[in-house]
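1. turn this into a structure:
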Amino acid sequence: MLATNCPQCGAALAFRSADLVAKVCDYCRSTIVRHGEVLENAGQAAEVPEDVSPMQIGARGRDGDRRFEVVGRVRWRWADGAWNEWCCAWSDGGHAWLGEAAGRWMLLEEVEASAWDGGAVAAMRAGRPVAPGMTATLGELEYAVNDVQEIACIGAEGELPYPVPIGTKGVSVDLARPDGRAASLQTENGTLNAYAGRYVTLAELRAENLREFDGWPRPRFAV
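-> Below you'll find the predicted structure:
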């Protein structure tokens, strides 16, 4: 862990992993990017709008024998709503993303975009439209597109593997398989990023330190 101070306001900052190089200052909302021990102010991050998610920074869970802590969040807007992508730091190093949309959760880790093939991927690389029903392959596994949205970042907080400035735009494509595997392909400022994993539940992840709010009592597994 690197303990330092925000170059903008002087508040204490902590970078817990070399894998997470961007940190949104809790006080001045500056996005600080670490290059070794050199800190760069990459600009202001908009405050994440309030929502009714039970997840929060500081929540913990596990996937099998691997433990994680939620350390950051990016909130994306699409035409009819918004969703959260929670950055999870593994206790043994590295990170994953816990996508939350309409009460469903996807636990995804980044994979090389070059490992993907198929019609949906070819269309995204060429800047052509992608539609539900199109397919993409990762190794020998074929995924079907089930959702396509134009997106824009409306806020970020905590620690992230890279800065996501307010207004970052792109296209998000969700894919799934009948066996519960899930994937996401996203273009952000022209760059194709790929993620693969599976659908999960908070109970399966044995999530702890969840946020309580009116109308959502903390479930028994999280007590």
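2. what is the lengthiest strand in the chain packed up against?
-> Under DSSP state E, the strand in the chain containing the largest number of residues is strand 141-160. When contacts are defined as 3 or more CB pairs under 8 Å, 6 or more residues apart in numbering; DSSP states H and E, strand 141-160 packs onto strand 22-24, strand 66-78, strand 81-90, strand 135-138, strand 169-176, strand 181-188. Where you see a C-beta, it was placed from the backbone N, CA and C, and this is true even at glycine.
3. switch these over to CSV; also include distance to M124, mean neighbour count and mean pLDDT.
-> Formatted as CSV, the helices and strands packed on strand 141-160 follow (distance: least, CB to CB, whole Å; neighbours: other CB atoms under 10 Å; pLDDT from 0 to 100):
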stretch, distance to M124, mean neighbour count, mean pLDDT
strand 22-24, 25, 26, 94
strand 66-78, 16, 20, 96
strand 81-90, 18, 20, 96
strand 135-138, 9, 18, 97
strand 169-176, 7, 20, 95
strand 181-188, 6, 20, 94
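4. so which bits of the longest strand of the chain are buried?
-> In terms of neighbour count (16 or more other CB atoms under 10 Å), strand 141-160 has its buried residues at 143-145, 148-149, 151, 153-160.
5. of the residues you listed, which is the nearest to G43?
-> A156 (10.9 Å; CB to CB).
6. distance of that closest one from L175?
-> Separation of A156 from L175 (CB to CB, to the nearest Å): 24 Å.
7. again with E150
-> Counting by CB to CB, the separation of E150 from L175 is 17 Å.
8. likewise for S53?
-> Separation of S53 from L175 (CB to CB) stands at 23 Å.
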